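Trainee: whatever this is, show me its structure:
(one chain, ligands or ions: 1)
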Amino acid sequence: MANEVARRRTFAVISHPDAGKSTLTEALALHAKVISEAGAIHGKAGRRSTVSDWMEMEKARGISVTSTALQFTYRDTVINLVDTPGHADFSEDTYRVLTAVDAAVMLIDAAKGLEPQTLKLFQVCRHRGIPVITVINKWDRPGQAPLELMDEIEERIGLKPTPLLWPVGIAGDFRGLLDRTNDSYIRFTRTAGGAKIAPEELMDAEAAAAREGVDWGNAVEESELLSISGADHDQEQFLAGRTSPVIFGSAMLNFGVHQILDALVDLAPPPGDRPDVDGHPRPVTAPFSAVVFKVQAGMDSAHRDRLAYIRVCSGTFERGMVVTNAATGKPFTTKYAQSVFGRERSTVETAYPGDVVGLVNALTLRPGDTLYTEEPVRYPPMPSFAPEFFAVLRADSAGKYKQFRRAVDQLDSEGVVQVLRNDLRGDASPVLAAVGPMQFEVVAARMKAEFDVEAKMENLGYSLARRTNAESADELNRQRGIEVFTRSDGVLLALVSDKWRLQYIQKEHPGLTLEPLVAAAD
Ligand code: G4P
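Mentor: Residues are numbered from 1 along each chain as shown. Model (predicted):
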């Protein structure tokens with residue numbers, strides 16, 4: 001058991017759309033020999049057959065809303081790559097996914113540097129305190145100077161980059177990597193379209209200097225500058241989330257990809273003891289426990305069911321075992337357990353801490369639920385982020401009211417959006433609250449595709465939500481520009497038109513409860 005835990009690494013890739021996450025996923029899988037040629041697993045619409053992009057909207061937008069996990073073995077280490085939604089509008093979802101991983105790879109486009117969504121998603125990692133490995137991608141194309149990129153990372157996110165591998169040749173003229181741990185040179189050779197693993201040649205410094213001349217000299221000089229500025233890898237600082245090892249590469253050409261895997265195996269932490277809701281760590285070797293980090297239905301028209309993704313936190317999972325849901329105290333039978341990556345599914349018999357399992361027909365499970373056997377445990381609940389977009393939802397025809405209600409309940413329990421109700425508006429027109437507007441598009445698309453309900457959405461003139469209580473609700477409802485709702489988890493939320501209105505009410509009625517919620521960008 002301890003052995004199985006030690007040989008596991010569970011991580012996610014965070015990046016701005018188009019930085020190359022799909023390409024990198026393919027390349028990683030290729031290196032791990034899951035598939036023989038890049039392109040079989042991931043990809044974009046119109047490019048290759050796309051396993052991960054299951055919904056029309058995802059295809060059109062080129063984003064991935066679903067979260068799935070890819071498991072492969074590399075150097076005798078079991079690597080779980082958990083997919084994150086590719087857009088900051090789904091940062092609440094991303095946060096949930098990040099509760100399931102022990103490390104993140106932050107993927108940056110060499111030409112674009114840190115982009116807004118990378119920044120936001122990085123903040124989510126910081127929330128969770130997980131160590132981050134930085135990968136500068138697309139080095140085969142013209143881009144920024146590497147030292148400038150390092151400065152940008154340090155200045156904008158306060159994470160000190162500590163490059164492990166430094167590029168030889170400027171962006172757009174990628175020759176290979178200087179391995180800063182032993183001053184050797186890894187020279188790459190291009191292959192057609194990057195479809196096969198790029199051949200590497202290992203050289204010592206002398207041979208590298210003879211081969212690459214001034215480019216090698218520049219790389220060595222820059223590497224020395226990094227050492228002088230204290231940018232050498234320090235394992236303790238990395239695990240504490242203060243520094244980030246950096247690798248330069250090209251996912252498309254398969255350059256630097258096995259170095260990413262090596263960094264994960266050598267540096268990223270294995271699953272550790274997870275603190276419960278009271279802060280007491282449950283040892284990884286304790287009896288089975290897991291958290292539900294994602295619930296999803298209708299992934300594929302061929303499998304119209306509901307899947308709950310769990311991350312095993314302690315003990316061994318055996319398919320068929322009966323576990324207890326800490327939220328309800330009720331038993332749950334894990335008869336149908338699968339690993340899911342896009343449309344590919346295979347049955348899981350056994351899983352260990354760090355592994356992700358998809359439980360089929362998980363009608364009673366919700367994101368944040370804890371499952372356990374023997375010794376009871378409850379992990380901290382998932383925080384819900386402060387919504388900033390609000391819309392009233394209505395079914396277009398009264399005849400479909402039943403489907404409409406089922407659809408709303410379904411999407412609500414999956415955590416696709418927050419659903420708010422009050423007596424005034426009634427059950428037929430609930431209010432949807434989202435962190436980003438694309439969540440509404442997902443609702444509309446899924447209501448149509450899965451429930452055949454054409455839903456109408458009308459934006460509401462509110463821009464803020466505050467947590468309130470029953471004592472304050474009546475007075476708040478009497479105010480202009482404010483309305484109180486009950487969220488489906490029972491929390492009372494006051495929606496406010498804008499921050500000036502909020503300030504005014506707080507000043508005029510200091511006794512009223514209006515507490516801020518966790519902001520997505522905190
Ligand atoms: P995403 O999942 O993060 O959104 O990005 P994705 O992998 O789809 O990559 C976005 C674009 O960047 C793709 O080009 C892809 O080929 C390209 N790309 C990814 N990695 C590299 C790299 O290392 N070097 C270079 N030069 N390009 C890279 P596209 O034009 O959208 O698709 P395609 O026509 O190239 O297939």
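
Trainee: and the residue nearest to residue 518 when sequence neighbours are not counted, what element?
Mentor: With C-beta to C-beta, 6 or more residues apart in numbering as the criterion, residue 518 has its nearest non-adjacent residue at 4.7 Å, and that residue is residue 383. Glycine gets a C-beta too; all of them are placed from N, C-alpha and C. Per DSSP states H and E: residue 383 is located in neither a helix nor a strand.

Trainee: ok, residue 80 next?
Mentor: Per DSSP H and E: residue 80 is located in strand 77-82.

Trainee: same for that strand, what does it pack against?
Mentor: Counting contacts by 3 or more C-beta pairs under 8 Å, 6 or more residues apart in numbering; DSSP states H and E, strand 77-82 packs against strand 8-15, helix 21-31, strand 69-74, helix 257-266.

Trainee: walk me through the domains of this protein.
Mentor: The chain resolves into domains spanning 2-174+232-270, 275-372, 389-516 when parsed by automatic domain parsing.

Trainee: can I get those in JSON lines with distance to residue 201?
Mentor: Listed next are those as JSON lines, based on distance: least, C-beta to C-beta, whole Å:
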{"stretch": "domain 2-174+232-270", "distance to residue 201": "12"}
{"stretch": "domain 275-372", "distance to residue 201": "33"}
{"stretch": "domain 389-516", "distance to residue 201": "45"}
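
Trainee: highest mean neighbour count out of those?
Mentor: Most buried of the domains of the chain, by mean neighbour count (mean count of other C-beta atoms under 10 Å): domain 2-174+232-270, with a mean of 21.

Trainee: and it, end to end?
Mentor: Using C-alpha to C-alpha, to the nearest Å, one end of domain 2-174+232-270 lies 10 Å from the other.

Trainee: so for it, what's the average pLDDT?
Mentor: For domain 2-174+232-270, mean pLDDT is 81.

Trainee: so it, near the ligand or not?
Mentor: Yes. Using C-beta under 6 Å from any ligand atom, domain 2-174+232-270 comes into contact with the ligand via 15, 17-23, 44, 47, 86, 137-138, 140-141, 250-252.

Trainee: mind checking the SS state of residue 206?
Mentor: Under DSSP: H, G, I helix; E, B strand; the rest coil, residue 206 falls in the helix class.

Trainee: residue 294 too?
Mentor: When classified by three-state DSSP, residue 294 comes out as strand.

Trainee: would you confirm that it contacts residue 367?
Mentor: Yes. When contacts are counted by C-beta atoms under 8 Å, residue 294 is listed as touching residue 367 (6.1 Å).

Trainee: name the nearest residue to the residue of the stretch 51-200 of the chain found nearest the ligand, ignoring sequence neighbours.
Mentor: Here the stretch 51-200 of the chain gets closest to the ligand at one residue, residue 138, 3.9 Å apart by C-beta to the nearest ligand atom. Leaving aside its sequence neighbours, residue 138 sits nearest to residue 110 (C-beta to C-beta, 6+ apart; 4.9 Å).

Trainee: can you map out the strands along the stretch 301-450 of the chain?
Mentor: Counting by DSSP state E, counting those that start in this stretch, the stretch 301-450 of the chain has strands at residues 306-314, 317-318, 322-325, 330-333, 337-341, 344-347, 350-351, 356-360, 370-372, 389-395, 418-421, 431-434.

Trainee: one step back: wait, the residue nearest to residue 138 sits on residue 135?
Mentor: No. Residue 110 is beyond contact range of residue 135, at 10.0 Å (criterion: C-beta under 8 Å).

Trainee: shared neighbours of these two, anything?
Mentor: residue 248 (C-beta atoms under 8 Å, 6 or more residues apart in numbering).

Trainee: coming back round to it: how about the contacts made by the residue of the stretch 51-200 of the chain closest to the ligand?
Mentor: When contacts are counted by C-beta under 8 Å, 6+ apart, residue 138 touches 19-20, 109-111, 171, 250-252.

Trainee: give me the element residue 222 is part of.
Mentor: For residue 222, the element it lies in under DSSP H and E is helix 214-228.

Trainee: residues in contact with the very next helix or strand once past that helix: which ones?
Mentor: Once helix 214-228 ends, the next helix or strand along the chain (criterion: DSSP H and E) is helix 235-239. Under the criterion C-beta under 8 Å, 6+ apart, residues 131, 160, 162, 243-245, 267, 269 lie in contact with helix 235-239.

Trainee: can you name the two of the residues you listed that sit furthest apart?
Mentor: 160 and 269 (18.3 Å; C-beta to C-beta).

Trainee: so residue 153 touches residue 134, yeah?
Mentor: Yes. At 6.6 Å, residue 153 counts as touching residue 134 under the criterion of C-beta under 8 Å.

Trainee: now the contacts of residue 138 in JSON lines, with distance to residue 224?
Mentor: Formatted as JSON lines, those follow (distance: C-beta to C-beta, whole Å):
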{"residue": "19", "distance to residue 224": "29"}
{"residue": "20", "distance to residue 224": "29"}
{"residue": "109", "distance to residue 224": "27"}
{"residue": "110", "distance to residue 224": "22"}
{"residue": "111", "distance to residue 224": "26"}
{"residue": "171", "distance to residue 224": "20"}
{"residue": "250", "distance to residue 224": "25"}
{"residue": "251", "distance to residue 224": "28"}
{"residue": "252", "distance to residue 224": "30"}
